[in-house]
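Engineer: Requesting a structural model of the entry that follows:
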Amino acid sequence: MTDTIPAAPAEDIPPAPPPAPKKAGLLKSSAIYSGLTLVSRFMGFARDLAVSYRMGASATPAADAYNAALAFPNLFRRFFAEGAFAAAFVPAYAKSLQRDGEEKADILAADAMATLAASTILITVVCQLAMPWLMMLISPGFGWGTEKYKLAVLLTQITMPYLPCMAIVAHLSGVLNARDRFILSAGAPILLNLCTLAFILPQSTAIDAARWGSIGVVVAGVAQAALLTWGVNKSGAKVHWRLPRLTPEVRELIGKAIPGALAASATQVNIFISGNLASHVPGGRTWLATADRLYQLPLGLVGVAIGVALLPRLSRAVHSGDREDAQSAMDQGITLAMALTLPAAAALIAMPGFLSDGLYTRGQFTAFDASQTAAALFFYGLGTPAFVLQQLYSRAFFARGDTKSPMRFALISVAVNIAFGVVLFQLVGVKGIAAATAIASWINVGQMAWALSAKKHYGPSSRTWSRLARILAASLGMGLLLAAASHYRDLIEAPLRGLGLTGHAIGAKEFALALTCLAGVTVYPPLLFLFGGVKPAELKAVLRRGKA
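Structural biologist: Next comes the predicted model:
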């Protein structure tokens, strides 16, 4: 029989040191988040195809009203949930885990969640009651009392409860991410795509699809909140529901969260302003939203994924005074991000018409809608690297507890976007709005890069600059190939039409687009190796670490 060692009296047991957070590699954490985000984005793409097929763009009021209904809660979600959370909560929670231990860190998380949930519920109720008047602020171009205006008011009132659900999801995702657990937070958006698809596809009219799609958004929000609550409990964190308490720690979070939310939401505010201007053109909101979905793929897969993985590591490096690791994390994050973003941007710039027509022209979505979407997509492609870099540079400020500097830069960016948006919209129409968003985002990145360098917090190393130049060269090479394929698309489609593919749900243009994209994906890695953006030995080392 095994001897049993008597337990020491409780008062004789020294307190256990706080658990050190796992140091998941940036590449591994980003890969986990990106892999699940890729699944989510493909599901989102299927959802967007269903929305464009059932609701169209300029031909019916349904799509513009539906996109307006999603834009409003999403804006507040960026302000009060994801933006505030990224700016203040993750560094504070990670620091508390390291310094105070799990129990006190989880109390902080519970108090912060209660405050965030109460705030967003209050905002939801007020907005639902005031929506008939707020809609004239959101989309003044719809006109008071029109069919599109009435439908947009109804749909936005339906979707507003999505806001508190997403506040809870974003907050609990932060708890998991600070503990280096990324799977559930990355996978939760899949539920949104599944639910909206399930509610939209059975509908036979555009109006019914918009109405039931909005209901599906709320159902998805509840499901996501339930999933993340379960995940946090399984992780061992004890983040229990409680009444809001304005403790000193929560007050400090609020003080940092408000400017941080503004800073992290610059892109979303610019998109919101763009939608406001586009509401004056039938289909304008939908053209921008459809183009937005395509550049959101690299933004979600790369910018958000790497940003989410970067912040905990960067926060730990800053708090421990490890300048070398902080520099390495930013260099690695930016190089990895641009290696994946620049070729995506090149594709959007090289063949916007081929993409929008091949993907969306069917059902209620006309060839005219596709051409207008392509015009906006070209300028969004020019801004895509800036959209991603904003996510990374802002983390360098947040990790140091500085949320006011990026807030100032974000406000300047918003002002620039409004000025350029109004002028360019008057000159060239809806595509001018997309151009203004790209210009404003690059100005925002320039401000953050200059400030970090001036404070000696971060500047890309000479090796990183060299790698970025080589990645750019490889991306330009791939872009030229795609531009040529787009120009000669008739030659690519002709033999496919000869095979009798025309007239099917997936026809010659879809197959031609798929072959062109496959060619781009195939040619980019050899170009990257040829120009020295990534060396084969480095890839082998990464694969060996991943296998280990």
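
Engineer: Every contact and neighbour count from this point should use C-alpha atoms.
Structural biologist: Noted.

Engineer: Skipping its backbone neighbours, what lies nearest Ala152 in space?
Structural biologist: Excluding its sequence neighbours, the residue lying closest to Ala152 (Cα to Cα, 6 or more residues apart in numbering) is Ala65, at 4.3 Å.

Engineer: Could you say which helix or strand holds that neighbour?
Structural biologist: helix 62-77 (DSSP states H and E).

Engineer: what are the ranges of the helices in the stretch 1-150 of the chain?
Structural biologist: For the stretch 1-150 of the chain, the helices defined by DSSP state H, counting those that start in this stretch occupy 26-55, 62-77, 84, 90-99, 102-138, 147-159.

Engineer: In the last one, which residues are buried?
Structural biologist: Yep, that's helix 147-159 we're talking about. For helix 147-159, a neighbour-count test (16 or more other Cα atoms under 10 Å) marks 148-159 as buried.

Engineer: Any chance of JSON lines for those, columns distance to Leu515?
Structural biologist: Listed next are those as JSON lines, based on distance: Cα to Cα, whole Å:
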{"residue": "Lys148", "distance to Leu515": "39"}
{"residue": "Tyr149", "distance to Leu515": "41"}
{"residue": "Lys150", "distance to Leu515": "43"}
{"residue": "Leu151", "distance to Leu515": "40"}
{"residue": "Ala152", "distance to Leu515": "39"}
{"residue": "Val153", "distance to Leu515": "42"}
{"residue": "Leu154", "distance to Leu515": "42"}
{"residue": "Leu155", "distance to Leu515": "38"}
{"residue": "Thr156", "distance to Leu515": "39"}
{"residue": "Gln157", "distance to Leu515": "43"}
{"residue": "Ile158", "distance to Leu515": "41"}
{"residue": "Thr159", "distance to Leu515": "38"}
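
Engineer: Turn those into CSV, including pLDDT and distance to Glu324.
Structural biologist: Formatted as CSV, those follow (pLDDT from 0 to 100; distance: Cα to Cα, whole Å):
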residue, pLDDT, distance to Glu324
Lys148, 88, 55
Tyr149, 90, 55
Lys150, 92, 57
Leu151, 93, 55
Ala152, 92, 51
Val153, 93, 52
Leu154, 94, 53
Leu155, 94, 50
Thr156, 93, 48
Gln157, 94, 50
Ile158, 94, 49
Thr159, 92, 46
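
Engineer: Could you check stretch 480-498 and say which residues are buried?
Structural biologist: Across stretch 480-498, burial judged by 16+ other Cα under 10 Å covers 480-483, 485-486, 489, 492-493, 496-497.

Engineer: Which of those fall in helices?
Structural biologist: Residues of the buried residues of stretch 480-498 located in helices (DSSP state H): 480-483, 485-486, 489, 492-493, 496-497.

Engineer: Would you format those as CSV with distance to Ala257 and pLDDT included?
Structural biologist: Formatted as CSV, those follow (distance: Cα to Cα, whole Å; pLDDT from 0 to 100):
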residue, distance to Ala257, pLDDT
Leu480, 43, 96
Leu481, 45, 95
Leu482, 43, 94
Ala483, 43, 95
Ala485, 47, 92
Ser486, 45, 91
Arg489, 49, 88
Ile492, 52, 85
Glu493, 52, 83
Leu496, 54, 75
Arg497, 56, 68
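
Engineer: out of those, who's nearest Asp331?
Structural biologist: Leu480 (27.7 Å; Cα to Cα).

Engineer: what about Leu134, how many neighbours?
Structural biologist: 15 (other Cα atoms under 10 Å).

Engineer: Distance check, the residue nearest to it when sequence neighbours are not counted against Ser204.
Structural biologist: Sequence neighbours aside, Cys127 is the residue nearest to Leu134 in space, at 7.5 Å (criterion: Cα to Cα, 6+ apart). According to Cα to Cα, to the nearest Å, Cys127 stands 30 Å off from Ser204.

Engineer: These two: who's more crowded?
Structural biologist: Set Cys127 next to Ser204 and count neighbours by other Cα under 10 Å: Cys127 wins out with 19 against 11.

Engineer: mind listing what the more buried one touches?
Structural biologist: 134, 157, 160 (Cα atoms under 8 Å, 6 or more residues apart in numbering).

Engineer: hang on, the earlier thing: could you dump the ones in helices among the buried residues of stretch 480-498 to CSV with distance to Val239?
Structural biologist: Listed next are these as CSV, based on distance: Cα to Cα, whole Å:
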residue, distance to Val239
Leu480, 52
Leu481, 52
Leu482, 50
Ala483, 52
Ala485, 53
Ser486, 52
Arg489, 55
Ile492, 56
Glu493, 56
Leu496, 57
Arg497, 58
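
Engineer: Out of these, which comes closest to Leu176?
Structural biologist: Distance to Leu176, by Cα to Cα, is smallest for Leu482 among those, at 39.9 Å.

Engineer: and the gap between that closest one and Leu294?
Structural biologist: As for Leu482, its distance to Leu294 is 16 Å (criterion: Cα to Cα).

Engineer: Output the below-cut-off pLDDT ranges for the stretch 301-450 of the chain.
Structural biologist: Within the stretch 301-450 of the chain, the segments meeting pLDDT under 70 span 301-312.

Engineer: give me that answer again for 80
Structural biologist: Across the stretch 301-450 of the chain, the ranges flagged by pLDDT under 80 are 301-322, 325, 363, 398-399, 401-403, 407.

Engineer: now the stretch 151-300 of the chain
Structural biologist: In the stretch 151-300 of the chain (pLDDT under 80), the answer is 171, 173-188, 233-244, 247, 249-250, 252-275, 293, 296-300.

Engineer: re earlier: specify which member of the contacts of Cys127 is nearest to Ile273.
Structural biologist: Leu134 (14.1 Å).

Engineer: now the closest one: how far from Ala223?
Structural biologist: 28 Å.

Engineer: Can you add distance to Trp465 and give the helices of the stretch 1-150 of the chain back as JSON lines?
Structural biologist: Converted to JSON lines, the helices of the stretch 1-150 of the chain look like this (distance: least, Cα to Cα, whole Å):
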{"stretch": "helix 26-55", "distance to Trp465": "20"}
{"stretch": "helix 62-77", "distance to Trp465": "34"}
{"stretch": "helix 84", "distance to Trp465": "31"}
{"stretch": "helix 90-99", "distance to Trp465": "28"}
{"stretch": "helix 102-138", "distance to Trp465": "39"}
{"stretch": "helix 147-159", "distance to Trp465": "44"}
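
Engineer: Looking at these, which one is packed in the most?
Structural biologist: helix 84 (a mean of 31; mean count of other Cα atoms under 10 Å).

Engineer: mean confidence score for that one?
Structural biologist: Computed over helix 84, the mean pLDDT rounds to 55.

Engineer: all numbers from here: first residue = 302
Structural biologist: Sure, I'll start counting at 302 from here, so that last one is helix 385.

Engineer: Tabulate the contacts of Cys428 (a markdown table), appending distance to Phe443.
Structural biologist: A markdown table is the format used below for the contacts of Cys428 (distance: Cα to Cα, whole Å):
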| residue | distance to Phe443 |
| --- | --- |
| Leu435 | 12 |
| Gln458 | 16 |
| Met461 | 19 |
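
Engineer: what's the closest of those to Arg482?
Structural biologist: Arg482 lies nearest to Met461 out of the contacts of Cys428, by Cα to Cα, at 28.7 Å.
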